[in-house]
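Chemist: just coords:
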């Protein structure tokens, strides 16, 4: 459902909207705020007047009042759509499919809001949610929003030490959890014991802990420690449930706080404002994703991530659409056809996932055998976000979904007239809460008015995002330097991507209890701009290309190379299932690239491995240039790569392992394969893979 088209439309509806948002942000955003949102008190201005030196503190719709739960649930019932399905819970790990109408969702949310109110939760309180992908997690999030409380969802299964940090920082009045999460029908993650250990480590204890029992793991609670059974609390609060009204809050009252994670240090608590976030989500739902009320969206993401917050929870419900809550994996629960089954069975119109999901599907089912079993002609858009999607993976996904192979010699594809099965990438961050770039398919049903998709790019800028590429000044200190006079890069020139202030609606407004860190982390380095922390380019047609995080750029003999540009080349080899590129120290060139790759199943033997290494080196020299300095001994084949639970490869951890081994050997210190000094990221999917990688690196350097 595409045809070749080598040039972007110079005056598309998407580009027109973007320009209008920059020319007159007051008029542009006020129109959408009033058209899309039900306000208790309508705002009279779009953005507050803020001194230039404090533009990062500018607030959207500052005098408006609303309730997010009312906009996501109540208003649809009041408009006569209570019988429409709001939520589909699909769990192949429990063989459960359960649907909730908007009326049923309202009753569930009101009931749990009654539970929270009984335990003293009021406007401005924090509630920490440590739960699996079950409907009750969504009910709890909406119940917090109903009361004006601030929820902080922590990804289920986080290690106790990481959970303890979050408890100590946000100091929740109530903690909500379930007894366990399910990775598969046989793999159970016991949440309650992890929570118990975290509460021992934390310097704070909540007034109440409410636990949802799951049949796969039932535990006895200690009532003397203010632990309560979820179902019992619901039963006791049910009589008052219908009387729990929506608490109206100021537009910039926090809706939630979501912690980012790293390998070291205290995670950052991203604070998301209510009103601006609702406007941003609804704009993206209607105009970028092209989702209409009554249609179904499936976002393959846990509620513990920003993707799950924005487009598995709030976005579709605010839009009056249906959201799919999926508890399972893309493969292995039980096969690689689960996502296609969900698409078909629930008539999904829009799908959103990380590119890693597609990489996993390609590795498991490269011929798309499972895809061929299902009719997906009802699908409108399949969007990718979270990491850069390489052209090779993008082409495979398009070919698998549409059944047609896009021409390899054409860098762009254009939508068909009816906009069916559009497959595109978009870029956003936890801090932004909604896309900053992408391909908008919702302005019309005419594919001719949609800009073509360009491989390797994350689309074009969305309204409110004034992105620039800043040239890197090597003399600046990496951590402390301030570029008081930043210079813009030329078109197609790689540099640091920044956003000119003020930021669009829905962006982070501060870090929880740490306004100074908020400024230092995002605005100090480039005054007047938000530092995205990503490198990339903007090409001559206005497409944005995100290459890597700034700390994933390799400086090889004074030349800056993006790891993603090398990964893109590696992925083009038919034997490679997945890969990552990091840097390693080199005595002559400073740093050189090191490749860790998993091979496809039909590759075997040392001779094959040596041949593939030679071919990869030649590919890199031909397509990146001799300066790439990729050597056969720095190409390492592994069975699997360490990843987060959301599918991101832990490149920083791998790089830290390499540096640790190198430094120890240079200092004459012994290195042991069974003792890794690098901390375990809180988000890691499987600790065993970390140790496999460590042992591999030790062996390579030894």
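Modeler: Now that the structure is in, tell me what you want to look at. Quantities reported herein were computed from a predicted structural model and do not represent experimental measurements.

Chemist: contact partners for the closest residue to residue 280 other than its chain neighbours?
Modeler: Spatially, and ignoring its direct neighbours in sequence, residue 280 is nearest to residue 506 (3.1 Å; CB to CB, 6 or more residues apart in numbering). Every C-beta, even on glycine, is put in place using the N, C-alpha and C of the backbone. By CB atoms under 8 Å, 6 or more residues apart in numbering, residue 506 lies in contact with 60, 272-273, 276-277, 279-281, 432-434.

Chemist: in helices, which of those appear?
Modeler: Secondary structure defined by DSSP state H assigns 276-277, 279-281 of these to helices.

Chemist: can I get the residues you listed in a markdown table with pLDDT and neighbour count?
Modeler: Output for the ones in helices among the contacts of residue 506, formatted as a markdown table (pLDDT from 0 to 100; neighbours: other CB atoms under 10 Å):
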| residue | pLDDT | neighbour count |
| --- | --- | --- |
| 276 | 98 | 29 |
| 277 | 98 | 28 |
| 279 | 98 | 29 |
| 280 | 98 | 29 |
| 281 | 98 | 28 |
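
Chemist: please convert the contacts of residue 506 to JSON lines, extending it with distance to residue 298.
Modeler: Formatted as JSON lines, the contacts of residue 506 follow (distance: CB to CB, whole Å):
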{"residue": "60", "distance to residue 298": "29"}
{"residue": "272", "distance to residue 298": "22"}
{"residue": "273", "distance to residue 298": "27"}
{"residue": "276", "distance to residue 298": "26"}
{"residue": "277", "distance to residue 298": "21"}
{"residue": "279", "distance to residue 298": "23"}
{"residue": "280", "distance to residue 298": "20"}
{"residue": "281", "distance to residue 298": "16"}
{"residue": "432", "distance to residue 298": "21"}
{"residue": "433", "distance to residue 298": "19"}
{"residue": "434", "distance to residue 298": "17"}
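
Chemist: nearest to residue 613 among those?
Modeler: Minimum distance to residue 613 across the contacts of residue 506 is 39.2 Å, recorded for residue 432 (CB to CB).

Chemist: helix, strand, or coil at the closest residue to that closest one other than its chain neighbours?
Modeler: Nearest non-adjacent residue to residue 432, counting by CB to CB, 6+ apart: residue 507, 5.6 Å away. Taken by DSSP: H, G, I helix; E, B strand; the rest coil, the conformation at residue 507 corresponds to coil.

Chemist: for residue 507, give me its contacts.
Modeler: Residue 507 makes contacts with 276, 431-433, 530, as judged by CB under 8 Å, 6+ apart.

Chemist: pLDDT wise, what is it at?
Modeler: What the model reports as pLDDT for residue 507 is 96.

Chemist: now residue 115
Modeler: 96.

Chemist: before we move on, back to that, for the contacts of residue 507, give me JSON lines that also has distance to residue 25.
Modeler: Formatted as JSON lines, these follow (distance: CB to CB, whole Å):
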{"residue": "276", "distance to residue 25": "12"}
{"residue": "431", "distance to residue 25": "19"}
{"residue": "432", "distance to residue 25": "16"}
{"residue": "433", "distance to residue 25": "18"}
{"residue": "530", "distance to residue 25": "15"}
